[in-house]
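Asks: Following is a predicted model, sequence given first.
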Amino acid sequence: MKLEEVFSSYKDYIMPTYTKTPVVFVKGKGSRLWDIHNRAYLDFFPGWGVGNLGHCHPKVMQAVRDQVSKLIFIPNNYYHLPQAKLAREIVYRAFPAKVFFCNSGAEANEAAIKFSRKFGKGARHEIISFENSFHGRTLAALAATGQKKYQEGFQPLPEGFKTVKFNDIEAVKKALTDKSIAIMLELIQGEGGINVADKEFVTALRRLCDEKGLLLIVDEVQTGVARTGKYFAYQHYGITPDIITLAKAIGGGLPIGVMVARKEIADTLGPGMHASTFGGGPVICRAALAVLKAIQKEKIPANVEKMSGYIFLKLNALKNKLPVIKEVRGLGLMIGVELSIAGSPIVEKCLQRGLLINCTHDNVLRLMPALNITKKEIDKAVDILADVLESS
Ligand SMILES: Cc1ncc(COP(=O)(O)O)c(C=O)c1O
């Protein structure tokens, strides 16, 4: 296909639900991508939070190839080895729990919402979530999402959701009723502009949940899989959630969702209460196992800590030089650079210079490089960003 044919095929046959950047990518390796003209790009937002190991990690490719040649799919009424192994590896890294496999972040959150309601036994079903949160596009996940722009046109949404101010424990307390069953949050709001939860707030939330018998659901769809330097972001906060949800990076580029729930919650469920045809299939589980193994073997959390220190130092130095940068915030390699100007033109200019980044919440540049990123790659990215910001 020629370039123009690609664009016209999208225009004629694919629903226009995405804002598209006119680049056609054909190849990726680590933090680099190549377009159809063989032009190379440095990717500082690989796969919208999917590429924690960069593009086409060799161990993920090897695992997928091997599994595809043996057994591509087997439904969930049978047993298979990759699912048994992956569940165990996830639980080892989290807390005593059981997992439910599905195919995306929204589905994992949907499962968390359904399981919470089941746990509430019909008497309690209300879920409290936060302003500027993002939990996915299915109707219940959308109802939990604290950003009106995503909900417009899709009402009526399922009832039983209340959204309150982030990092405000009094607002949470005020929203509680005798029907409340769970509190759901991202510890770093990704789509909402890289807003980091305060430690005291999270400790108070855990205490409140214990006092009132509420479930604490942490959406780790973007923050999980070592993004913040620990396997899961909650591990920075000295608390244990009742439920976490995972997706994006755990599949190494293949679609997966996982709901991880404390054993007592998991054991309230029985056969037929919830299901997913493709959830936890052999190929995706082999890919995810390879991701977790590579994170351990390549000492990825240590690299995140080192590279995080390095990039924050560089970005803060840039902030001191350029008044257009209002704030640099985040944790590990989940980084927001808040500007006093619109972010999209900056993203566009960076793209022209061969650097891929993202903008969220209008004026927050979002950098989420692969976790095996090097100092050299950071230097190059920050140099491009600095040039672009200086001339904007
Ligand atoms: C925190 C969070 N939760 C849920 C989702 C939804 O995930 P998916 O697009 O896989 O349904 C996203 C997607 O960006 C997310 O960032």
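Replies: Nice, I can see it.
Asks: SS state for residue 6?
Replies: Following DSSP: H, G, I helix; E, B strand; the rest coil, residue 6 is assigned to helix.
Asks: List the contacts of it.
Replies: Counting by Cβ atoms under 8 Å, 6 or more residues apart in numbering, residue 6 makes contact with 24, 36. No exception for glycine: its C-beta is placed from N, CA and C like everyone else's.
Asks: I'd assumed residue 155 was in contact with residue 142.
Replies: No. Under the criterion of Cβ atoms under 8 Å, residue 142 makes no contact with residue 155, lying 9.9 Å away.
Asks: what ranges do the strands span in the stretch 201-350 of the chain?
Replies: 215-219, 243-246, 257-262, 325-331, 334-339 (DSSP state E, counting those that start in this stretch).
Asks: Residue 142 and residue 155: which has the busier surroundings?
Replies: residue 142 (22 against 9; other Cβ atoms under 10 Å).
Asks: So the residue of the chain found nearest the ligand versus residue 30, what's the distance?
Replies: Residue nearest to the ligand within the chain: residue 105 (2.3 Å; Cβ to the nearest ligand atom). Residue 105 sits 24 Å away from residue 30, going by Cβ to Cβ, to the nearest Å.
Asks: Could you give the number of residues near residue 18?
Replies: The burial count for residue 18: 8, using other Cβ under 10 Å.
Asks: scratch that, residue 351
Replies: 16.
Asks: follow-up on the earlier one: return the most buried member of the strands of the stretch 201-350 of the chain.
Replies: strand 243-246 (a mean of 29; mean count of other Cβ atoms under 10 Å).
Asks: residues making contact with it?
Replies: Strand 243-246 has contacts (Cβ under 8 Å, 6+ apart) with 90, 94, 105, 108-109, 111-112, 115-116, 182, 215-221, 224-225, 232, 234, 256-262, 265.
Asks: Next: stretch 71-80.
Replies: If you take Cβ under 8 Å, 6+ apart as the criterion, stretch 71-80 is touched by 275-283, 285.
Asks: So which of these are in helices?
Replies: Secondary structure defined by DSSP state H assigns 282-283, 285 of those to helices.
Asks: Most neighbours of all those residues, which one?
Replies: With neighbours taken as other Cβ under 10 Å, the top of these is residue 285, carrying 26 neighbours.
Asks: Quick check, central residue of this protein?
Replies: residue 222 (1.6 Å; Cα atoms, centre = their mean).
Asks: and the closest residue to that one other than its chain neighbours, how many neighbours?
Replies: In this structure, residue 222 finds its nearest non-sequential neighbour in residue 190, 3.9 Å apart by Cβ to Cβ, 6 or more residues apart in numbering. Neighbours of residue 190 under the rule other Cβ under 10 Å: 27.
Asks: Check residue 297 too.
Replies: 9.
Asks: same check, this time on residue 28
Replies: 18.
Asks: pLDDT value on it, please?
Replies: According to the prediction, residue 28 has pLDDT 98.
Asks: surely it meets residue 55?
Replies: Yes. The pair residue 28 and residue 55 passes the contact test of Cβ under 8 Å, sitting 2.8 Å apart.
Asks: what is in contact with the two at once?
Replies: Here residue 28 and residue 55 have 43, 46 as joint contacts, going by Cβ under 8 Å, 6+ apart.
Asks: for this structure, what helix or strand is lowest in average pLDDT?
Replies: Across the helices and strands of the chain, mean confidence by mean pLDDT, DSSP states H and E is lowest for helix 263-266: a mean of 90.
Asks: What ranges in the protein fall below the confidence cut-off?
Replies: Residues of the chain meeting the criterion pLDDT under 70: none.
Asks: Let me see the contact set for residue 129.
Replies: 135, 144-146, 161-164, 183-185 are the contacts of residue 129 under Cβ under 8 Å, 6+ apart.
Asks: again, only this time at 10 Å
Replies: For residue 129, the contact set (Cβ atoms under 10 Å, 6 or more residues apart in numbering) comprises 109, 113, 135, 141, 143-146, 161-164, 166, 175, 182-186, 217, 219.
Asks: Now, those that are in helices?
Replies: Reading helices off those with DSSP H, I get 109, 113, 141, 143-144, 175.
Asks: near the ligand, from those residues?
Replies: Taking Cβ under 6 Å from any ligand atom as the test, the ligand is in contact with residue 109 out of the ones in helices among the contacts of residue 129.
Asks: which among the ones in helices among the contacts of residue 129 gets closest to residue 20?
Replies: Relative to residue 20, the closest of the ones in helices among the contacts of residue 129 is residue 141; by Cβ to Cβ it sits at 23.8 Å.
Asks: Could you list which residues are in contact with that closest one?
Replies: So residue 141 contacts 104-113, 129, 134-135, 150, 157-158, 161, 184, 219, 221, 245 (Cβ under 10 Å, 6+ apart).
Asks: Perfect, that will be all.
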